[in-house]
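Asks: This is a predicted model, with the sequence first.
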Amino acid sequence: MQERIKNNSGVSLTFTDDSITWESGISRLRFPYGSIKQVRIGFLGFEITPCEGNTLTFAFNKQYKPLMQKMLAFTQNAMRSAPPAKPINLTAEKDAEKKAVADAIEKQRREIVSKNEHRMRCNVCGHIFCYTDADVRESQSHQNWAKAHAAASLFGTRLDAYGQQSRMDSELSKVVDFSRCPACRSNNITEIKEGETTQQPQSAPAPASSAVEEIKKYKELLDMGIITQEEFDTKKKQLLGL
Ligand SMILES: [Zn+2]
């Protein structure tokens, strides 16, 4: 047996052989018949009073009254033979379902984006830029229109030729050459693969002058008699990379 009734507020009651499930947009509660203290049809609707917790009222349309009366009798009968139980909050379960759906959508979206998006790095100036397959198609479309206007300018009247040429120029200005770096125009570019870092390379090793400063400090320590000549020589060689 399963009877599901939904009201105008988007709340539904599902009667089965062992329980009633109350479901709204934000919560889902299951009441095994043994967890219900009382059911009745009140002024505001079908009321469920659990052994623990507040009474829930399911407002229903007049047309459902005969059905609700039938379900009332069914519930009261089921309550008589049901073993004691507690209401079950299924809201968390519902949240997990929602999260699983959201995760699946996000995964799909990422796959689509990664398929259509190109992240490029210029090997000359280090500039990083992105474009999508849609950008490429759009540019191609401007290129095609430019060609069409160019052809029309050759075969049209002289007056029309100027118009066609200016339209061709306008289309050409929207054509993008994705094979070149937008910053330096170099065609020495490579695609950055998924997961690869976009960080710039680390700066060059510390300038040699700091090694000189370090040696001066050790010379002071040597002069003060804190370190030996041998220790100083070892440190000096190390710092100068000899
Ligand atoms: Zn560049």
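Replies: Received, thanks.

Asks: per the record, what domains does the chain have?
Replies: Using automatic domain parsing, the domain ranges for the chain come out as 2-89, 117-191.

Asks: pLDDT of the longest one, averaged?
Replies: What it means is domain 2-89. The average pLDDT for domain 2-89 rounds to 93.

Asks: next one: the shortest one
Replies: Averaging pLDDT along domain 117-191 gives 89.

Asks: Show the contacting residues for N54.
Replies: With Cβ atoms under 8 Å, 6 or more residues apart in numbering as the criterion, no residue contacts N54. In short, each C-beta sits where N, CA and C put it, glycine included.

Asks: from now on call the first residue 445
Replies: In the new count, where the first residue is 445, that last one comes out as N498.

Asks: Close to the ion: what parts of this structure are there?
Replies: 566, 568-569, 571, 625, 627-628, 630 (Cβ under 5 Å from the ion).

Asks: Closest one to I449 out of those residues, please.
Replies: Closest approach to I449 among these (Cβ to Cβ): H571, at 62.2 Å.

Asks: okay, now the closest one: neighbour count?
Replies: Neighbourhood size, H571 [other Cβ atoms under 10 Å]: 15.

Asks: S468 too?
Replies: S468 has 15 neighbouring residues, counting by other Cβ under 10 Å.

Asks: Kindly provide the distance from the closest residue to I671 other than its chain neighbours to the ion.
Replies: Excluding the flanking residues, the one nearest I671 by Cβ to Cβ, 6 or more residues apart in numbering is L665, at 4.7 Å. Going from L665 to the ion by Cβ to the ion, to the nearest Å gives 48 Å.

Asks: Now do the SS call for L665.
Replies: Of the three states, L665 takes helix according to DSSP: H, G, I helix; E, B strand; the rest coil.

Asks: same for the one helix or strand E555 maps to, what does it pack against?
Replies: Using DSSP states H and E, E555 maps to helix 535-560. Counting contacts by 3 or more Cβ pairs under 8 Å, 6 or more residues apart in numbering; DSSP states H and E, helix 535-560 packs against strand 472-476, helix 577-599.

Asks: and it, which residues are buried?
Replies: With burial defined by 16 or more other Cβ atoms under 10 Å, not one residue of helix 535-560 is counted as buried.

Asks: between the helix or strand following that helix and helix 577-599, what angle do the directions make?
Replies: Later in the chain than helix 535-560, the nearest helix or strand by DSSP H and E is strand 561-566. Orientation check (axes from the mean of the first three to the mean of the last three Cα atoms, to 10 degrees): strand 561-566 against helix 577-599 gives 80 degrees.
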